[in-house]
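Asker: here's my sequence, what's the structure:
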Amino acid sequence: MNEETVANHKALYLTDVDKAIATKVVASITKIVQVDTIFVLGKKVNTAQNIFMPECGTGARTSAFWLLTLITGDDKRHKMYQDEIEQKCNSSTEVSCIVMQTSTFVRWFNEKDSFALTVLSNAPFICNTNPELEEWKKETVVGIIPATDKKAFQKCFDLCNEYLAGAELFTVRKQYRLALFMYHLATELLLTAFIKSQTGLELHIHNINHLNQYLSFLAPGIAADFWGATQKEQEAFRLLQKSYCSARYDADFEVGYAQLEIVRQKVSRAIQELKEISSLIFKEAGRFPRLNIV
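Answerer: As a prediction, this is how the structure comes out:
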């Protein structure tokens, strides 16, 4: 990785130490999958920094990277590569990785998609074998990037209300597994909609842990609270993560009322705190939708 490969954009400055770490990360990733381009979308330096929101305070040491990896050809094994990359890299440096085909990213760019344009305008390369992308990056002007759909977050609340109502009903009936499944759906919708409203990226995944990792670069305090500080809280998060499949299909999956209550409280806090972050958006849009939080 040469010096010219890594830009130092004001929103995401990569130090010499960052570049040395990135060199090792790139070496690990390229052993797993044939890569066209790797962008840095965000990093954590005590507080998180990213290319989508205003600058955060600087810190002494980078502890994590948020990467977008574009891969060659039409290989569809994105999730498998993502999991392997994160597992391989996290032994030395925490990495959250989104994997997609280069052709998909190029199509988004040609469609003037806000996420693709923001990435090309702001995100530094740490690896690039595609000279066309490099030329587009030089030509991309911040002023032409369309605004992300801020109302996407607002629109999620009608459906979120239904999931919360379902969780309440199943809790009253002591169907705690199904109640947890409803909280999983509410959490997945909430995090996906917030990430889209801030970055323009629409994700189609059910993995709460991955969504929360991405959230940790945008709203680190909320993500940290969701993961939990105590063993009981972390166990409740683990059950929430598993509940998408296990709550419906695994006869041995168990969840108690106390664990369900921890999840309920965390979902309630996340809704209110993400609402506060987005408060200016909703002042412009009008009344914030009513949420039925038990």
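
Asker: got the contact list for the nearest residue to residue 233 once chain neighbours are set aside?
Answerer: With Cβ to Cβ, 6 or more residues apart in numbering as the criterion, residue 233 has its nearest non-adjacent residue at 5.8 Å, and that residue is residue 262. Glycine gets a C-beta too; all of them are placed from N, C-alpha and C. Contact analysis of residue 262 by Cβ atoms under 8 Å, 6 or more residues apart in numbering lists 228, 232, 233, 236.

Asker: try it again at 10 Å.
Answerer: 228, 230, 232, 233, 234, 235, 236, 237, 239, 240, 256 (Cβ atoms under 10 Å, 6 or more residues apart in numbering).

Asker: just confirm residue 14 is within a strand.
Answerer: No - counting by DSSP: H, G, I helix; E, B strand; the rest coil, residue 14 is not part of a strand but coil.

Asker: now do it, the pLDDT please.
Answerer: As predicted, residue 14 sits at a pLDDT of 85.

Asker: gap between it and residue 105?
Answerer: Distance of residue 14 to residue 105, given as Cβ to Cβ, to the nearest Å: 21 Å.

Asker: residue 254: neighbour count?
Answerer: A total of 11 residues lie near residue 254 under the criterion other Cβ atoms under 10 Å.

Asker: so it, which state does it fall into?
Answerer: Assignment for residue 254 (three-state DSSP): coil.

Asker: tell me how far it lies from residue 73.
Answerer: Where residue 73 is concerned, residue 254 sits at a distance of 43 Å (Cβ to Cβ).

Asker: residue contacts, the residue nearest the centre of the chain?
Answerer: With distances taken as Cα atoms, centre = their mean, the residue of the chain nearest its centroid is residue 214 (2.3 Å). By Cβ under 10 Å, 6+ apart, the residues touching residue 214 are 41-42, 50, 66, 96, 98, 191-192, 194-195, 198-199, 201, 203, 205, 223.

Asker: what about the residue nearest to residue 233, helix or strand, and which?
Answerer: helix 257-277 (DSSP states H and E).

Asker: buried sites along the host helix or strand of the residue nearest to the centre of the chain?
Answerer: Element membership for residue 214, per DSSP H and E: helix 208-218. Neighbour-count burial for helix 208-218, counted by 16 or more other Cβ atoms under 10 Å, picks out 208, 210, 211, 212, 213, 214, 215, 216, 217, 218.

Asker: can you give me the pLDDT of the spatially most distant residue from the centre of the chain?
Answerer: What lies farthest from the middle of the chain is residue 173; by Cα atoms, centre = their mean that is 33.6 Å. Residue 173 carries a pLDDT value of 97.

Asker: contacting residues for it?
Answerer: Counted by Cβ under 10 Å, 6+ apart, residue 173 has contacts residue 179.

Asker: equivalent analysis for residue 101, please.
Answerer: Counting by Cβ under 10 Å, 6+ apart, residue 101 has contacts 36, 70, 71, 72, 73, 74, 75, 76, 78, 107.

Asker: what number of residues lie near residue 31?
Answerer: The number of residues packed near residue 31 is 10, by other Cβ under 10 Å.

Asker: relative to residue 37, how far out is the residue lying closest to residue 137 once chain neighbours are set aside?
Answerer: Spatial nearest neighbour of residue 137, excluding adjacent residues (Cβ to Cβ, 6+ apart): residue 120 at 4.9 Å. Taking Cβ to Cβ as the measure, residue 120 falls 10 Å from residue 37.

Asker: please enumerate the shared neighbours of the two.
Answerer: Shared contacts of residue 120 and residue 37 (Cβ under 10 Å, 6+ apart): 105, 133, 134, 137.
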